[in-house]
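Student: Okay, sequence plus prediction incoming.
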Amino acid sequence: MVRVDSRRRNQRKKWILRIILLALLVGIGFGVYTVGKQLWAHDGISTTSKQGQHVVTSVAAFDTVTKEKQSPTMYNGMKRKVAYLTFDDGPNSHTPEILRILKEHNIKATFFMLGNSMQQHPDLIKQIVDEGHYPALHSMTHNFTKLYRSGSANNFIEEQKEAQQLVKEATGVTTNLIRAPYGSAPQIKEPFRDDIAEAGFKMWDWTLDTLDWNYAKNPSGMLDEVKRGLKKDTEVILMHDRKQTVEILPELIEYISSQGYEFEVYDPNAHFVVNFHHDERL
Amino acid sequence: MKSWKNKIGVLAMIVAMAMMLAACGAPSSEKLFSSFEQAASTESAAAAAFEELKQLESRDQKQYDTILDKGERSNVNVQTLITQTMSTLDQRQQAMTKVKDKVTAAYEHVAKAQSQVDKLEPAQGKEQAAQALTAYTKRYETVQQLAAQYEKLITAERALYEQLKAEQTNLKQLQQAVRERNQQWTQVNQLKQQFNQYSEQFNTNKDAFYKAAGIQTDKANSSK
Ligand SMILES: [Zn+2]
């Protein structure tokens, strides 16, 4: 009897001990958890601040202010003379002839195309790109009032975007180079240019005007303009897809080459500033 | 002997239970909060590398322009400047690698967070949390690509400076080297912009999630 009694008592004792131990351990566990949390907070990692609020950290971003590097035209005593032939207002019935002449001379040129003309000749946009020339934009309508007299840059930018889409559809190329109809001066002022830059376009004017519109009956007048104007190490030469241009183009090319110039096509990776305002953003 | 073994067994079980209790105590939203914030705070160690990269890049730009300017007549005058500029190319790569490593280390805190997002109720900001997580994952992937692309850029930069330094340099080759460099730069820039977008998305969505989950927050001095 006595032995049975004492065994029972012992067993009860054991249980009580176990329960106390359990309570103790849970207590310790909770204590460790709380202290740990507090320590964590002091590390500033996750964290509760004095007011019992959680501290939040934002993640960083990169600085993106650097630009493309400019290609030198003069370096180490060397000088490179470069001419960019540019053709506006096409594509049209004269464009195939221009392309033929360029191919004959192995020259790549830059075409500032009108949206309304592109819609009529999608095949020519493709040919221009396929033959290594650069497709650039010249608005949809060329309409002075619509582009410049509305009080904002919206119409201008919308038209360039529309033209950009046409090039993309025909060739898969997304081009950002534009030329303002009638040139960027005087009609394009500062806030207007802000919007153009904001829209991501680069805008080229020219450094030498052949005044081809003036020489429909006398194409050699264009050659005289070039002879008078060809001076700078880099010349961006303005022409249009017109009959007189086709007629004089072989002679123009010959003269420009004879003056030590090499011909280049616009390259977005070697962009440089050619606008009347010297706006570095465009 | 036997009873000791028993006691140890019971003890071990109790300890394990206590630990689980402590660990599972926090709700999913709290756990996500600490995953996100631990990640962000791990990254803040990269703030100096972001800044260093910015400084080095803008100095490179200035020095390049100076080299072209002063080297117009002869590149003999700019040999030292070119060497000096080239020596910072490695630093640029190192700074970019550091950024990548920190972002990668930080991502560890968030990599397994999807299960916590799954446990959230819509009313607890589940959607915002999911978007924050997606943005952070994409940002992590982008920085891997960016670091690889940056190496290509540095190679192209080095080739360009070699060309500028060479006694027998010629303008056509120089132009080719500039184009190559600009092509690599364009891609780096696109990836940087992508990264920045994901940074913004992550920051915005995690804030929105905290708000929806009712977590009261305080802005730390953000690394910006
Ligand atoms: Zn025009």
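Tutor: Thanks, I have the structure now.
Student: what residues are up against A:Leu102?
Tutor: Listed by C-beta atoms under 8 Å, 6 or more residues apart in numbering or on different chains, the contact partners of A:Leu102 are A:Leu85, A:Lys108, A:Ala109, A:Glu131, A:His133. C-beta: built from backbone N, CA, C; applies to glycine.
Student: Just the buried ones from those residues, in PyMOL syntax?
Tutor: Selecting only the buried entries of those in PyMOL, with 16 or more other C-beta atoms under 10 Å in any protein chain shown as the criterion:
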select buried, chain A and resi 85+108+109+133
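Student: Just list what the helix ranked longest in chain B packs against, helices and strands only.
Tutor: Counting by DSSP state H, the longest helix found in chain B is helix B:171-212. Helices and strands touching helix B:171-212, as assessed by 3 or more C-beta pairs under 8 Å, 6 or more residues apart in numbering or on different chains; DSSP states H and E, comprise strand A:54-56, helix B:28-43, helix B:126-165, strand B:217-219.
Student: what about 6 Å?
Tutor: helix B:126-165 (3 or more C-beta pairs under 6 Å, 6 or more residues apart in numbering or on different chains; DSSP states H and E).
Student: Quickly find the element holding the residue of the stretch 151-282 of chain A found nearest the ion.
Tutor: Proximity of the stretch 151-282 of chain A to the ion (C-beta to the ion) peaks at A:Pro181, 4.7 Å away. For A:Pro181, there is no helix or strand it lies in under DSSP states H and E.
Student: separation between the closest residue to it other than its chain neighbours and A:Ser71?
Tutor: For A:Pro181, ignoring the flanking residues on the chain, the nearest one in space by C-beta to C-beta, 6 or more residues apart in numbering or on different chains is A:His142 at 4.6 Å. Distance, A:His142 to A:Ser71, using C-beta to C-beta, to the nearest Å: 31 Å.
Student: just to revisit the earlier point, chain B versus the residue nearest to A:Pro181, what's the distance?
Tutor: 31 Å (C-beta to the nearest C-beta, to the nearest Å).
Student: can you pull the pLDDT of that residue?
Tutor: The model reports A:His142 with a pLDDT of 96.
Student: Would you pull up how far the longest helix of chain B lies from the middle of the chain?
Tutor: 12 Å (C-alpha atoms, centre = their mean, to the nearest Å).
Student: pLDDT on that helix, on average?
Tutor: For helix B:171-212, mean pLDDT is 93.
Student: Also stretch B:60-80?
Tutor: Rounded mean pLDDT across stretch B:60-80 is 95.
Student: and that stretch, which residues are buried?
Tutor: B:Asp60, B:Gln63, B:Tyr64, B:Ile67, B:Leu68, B:Gly71, B:Glu72, B:Asn75, B:Val78.
Student: before we move on, back to that, could you dump the contacts of A:Leu102 to CSV with secondary structure?
Tutor: Below are those laid out as CSV (DSSP: H, G, I helix; E, B strand; the rest coil):
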residue, secondary structure
A:Leu85, strand
A:Lys108, coil
A:Ala109, coil
A:Glu131, coil
A:His133, coil
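Student: just curious, which of the contacts of A:Leu102 is nearest to chain B?
Tutor: Chain B lies nearest to A:Lys108 out of those, by C-beta to the nearest C-beta, at 14.0 Å.
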